[in-house]
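Asks: Predicted model follows, preceded by the sequence.
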Amino acid sequence: MNLNYLTLLWNRFWFKKQSAISIALFRIFYSLVLLESIILFQPDLYDWFGTHAWTTIQTAKLWENSPRFGLFFINTPDNFIVTAIYSVLVISSITLLFGLFTRISALTVFICLTSIHHRNPLILHSGDTLIRLCSYYLIWSQAGKALSLDSLFSKDKADNTSKEKLYNPWAQRLLQIQICAVYWQSFWGKAAGLTWLKGTAVYYALQLEEFQRFPLMFFGTNPIWLYKFLTYYTLFIEFALFSLIWIKEFRYPVIIAGIFLHLGLDYSMNIPLFQHIMIASYLLFIDPKDIKKLFALLKKKPKAVESAT
């Protein structure tokens with residue numbers, strides 16, 4: 001494998017132009033998860049972020065001894081500022097959902113969401129971190145070039161012929177790598193644990209009362225073989241989601257298996273949003289041609305309807 005061939009593969013991976021429909025579809029589902037996240041903040045908004053919040057500004061600034069960015073750190077905010085930032089976040093999330101001023105909306109989401117997250121990091125988990133990171137990548141992406149109000153009113157659409165315009169996918173590639181990095185870290189972290197190697201990790205995880213969500217009555221008498229199967233299934237799928245997902249022939253079976261994994265976790269464990277953002281991220285890996293084929297299939301009228309008309 002010579003240097004010229006490696007350079008060709010590198011350039012093809014990062015810069016071979018493609019349709020923006022995959023990243024646009026991800027933008028839509030991401031925005032829905034983002035709105036879900038924002039709604040969860042609302043009932044205790046001032047208790048978490050307000051003037052007399054449970055976590056003080058000083059504590060937030062010193063969290064993990066690392067510099068923290070946030071609009072709340074400029075001055076000591078009152079509840080009006082909290083309301084204003086929260087409202088702007090809601091509005092920009094909605095405009096991002098519909099693809100209106102997409103880049104500006106993504107930038108606004110990133111600034112407001114980072115400000116809120118850094119104001120009280122004690123209430124967050126890795127799913128919140130991933131949601132925040134995705135908003136940053138979307139700033140640089142072509143997510144507003146399809147399935148959006150921006151694309152509907154763009155000059156490209158007005159001046160263009162029926163031929164679809166293609167775009168560089170490098171920002172989408174960064175998002176894909178970020179998702180794979182999540183599974184890489186998760187897999188190797190689990191593989192170092194004795195309970196995962198013994199096949200008992202799922203059993204112990206499901207006994208944590210603070211994370212229990214819905215009852216698992218179908219487990220019956222809790223057979224050990226089922227727990228072992230689920231434990232090794234989790235390890236294998238997480239391994240596949242940062243490795244085999246890059247191989248075209250394996251991609252869709254791996255994605256389907258990943259969806260079942262996260263739906264099972266969403267049913268059994270109360271970890272808000274993490275499962276939703278991970279499932280939404282699979283849209284980044286779907287070939288735009290396959291999405292178009294699906295849309296074309298959905299547009300087709302059933303034969304019975306056609307004959308009746």
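Replies: Yep, it's here. Residues are numbered from 1 along each chain as shown.
Asks: ok, A205 to G193 distance?
Replies: 11 Å (C-beta to C-beta, to the nearest Å). The way it works is simple: take the backbone N, C-alpha and C, and place the C-beta from them, glycine included.
Asks: between the two, which one's more packed in?
Replies: The neighbour comparison of A205 against G193 (other C-beta atoms under 10 Å) goes to A205, with 18 against 10.
Asks: Downstream of the helix or strand where the more buried one lies, the next helix or strand is which one?
Replies: Under the criterion of DSSP states H and E, A205 resides in helix 201-206. Per DSSP H and E, helix 201-206 leads on to helix 224-240 as the next helix or strand towards the C-terminus.
Asks: hmm, back to that, buried ones in the helix holding A205, by neighbour count?
Replies: Neighbour-count burial for helix 201-206, counted by 16 or more other C-beta atoms under 10 Å, picks out A201, V202, Y203, A205, L206.
Asks: Same list (those residues) but as JSON lines, adding distance to Y183 and pLDDT.
Replies: Converted to JSON lines, the buried residues of helix 201-206 look like this (distance: C-beta to C-beta, whole Å; pLDDT from 0 to 100):
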{"residue": "A201", "distance to Y183": "16", "pLDDT": "93"}
{"residue": "V202", "distance to Y183": "17", "pLDDT": "90"}
{"residue": "Y203", "distance to Y183": "22", "pLDDT": "87"}
{"residue": "A205", "distance to Y183": "17", "pLDDT": "88"}
{"residue": "L206", "distance to Y183": "21", "pLDDT": "85"}
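Asks: Now L97: closest residue in space that isn't a chain neighbour?
Replies: Among residues not flanking L97 along the chain, S31 sits closest, at 3.6 Å (C-beta to C-beta, 6 or more residues apart in numbering).
Asks: ditto for L133
Replies: Using C-beta to C-beta, 6+ apart, the nearest residue to L133 is Q178, at 6.2 Å.
Asks: tell me the contacts of the spatially most central residue of the chain?
Replies: For the chain, I277 is the residue whose C-alpha lies nearest the centre (C-alpha atoms, centre = their mean; 3.4 Å). Neighbour list for I277: Y30, V33, G127, L130, I131, C134 [criterion: C-beta atoms under 8 Å, 6 or more residues apart in numbering].
Asks: In what element of secondary structure is it found?
Replies: Taking DSSP H and E as the definition, I277 sits inside helix 274-281.
Asks: just how off-centre is that helix within its chain?
Replies: 5 Å (C-alpha atoms, centre = their mean, to the nearest Å).
Asks: swap in stretch 47-55?
Replies: In terms of C-alpha atoms, centre = their mean, the centre of stretch 47-55 is set 27 Å apart from its chain centre.
Asks: For that stretch, measure first residue to last.
Replies: 8 Å (C-alpha to C-alpha, to the nearest Å).
Asks: With stretch 180-199 instead?
Replies: 23 Å.
Asks: quick one: that stretch to chain centroid distance?
Replies: When C-alpha coordinates are averaged (C-alpha atoms, centre = their mean), stretch 180-199 and its chain have centres 20 Å apart.
Asks: contacts for that stretch?
Replies: Contact with stretch 180-199 is made by 126, 130, 201, 204, 227-228, 231-232, 234-235, 238-239, 241-242, 245-246, 278, as judged by C-beta under 8 Å, 6+ apart.
Asks: Is it possible to mark the buried ones in these?
Replies: Of the contacts of stretch 180-199, these count as buried by 16+ other C-beta under 10 Å: 130, 201, 227-228, 231, 234-235, 238-239, 241-242, 245, 278.
Asks: Which helix or strand contains F26?
Replies: Per DSSP H and E: F26 is located in helix 21-41.
Asks: how is the chain carved up into domains?
Replies: 14-168, 176-291 (automatic domain parsing).
Asks: Adding distance to T7, write those out as CSV.
Replies: CSV is the format used below for the domains of the chain (distance: least, C-beta to C-beta, whole Å):
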stretch, distance to T7
domain 14-168, 11
domain 176-291, 19
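Asks: picking that back up, tell me if I'm right that the residue nearest to L97 and S92 touch.
Replies: No: at 9.7 Å, S31 does not count as touching S92 under the criterion of C-beta atoms under 8 Å.
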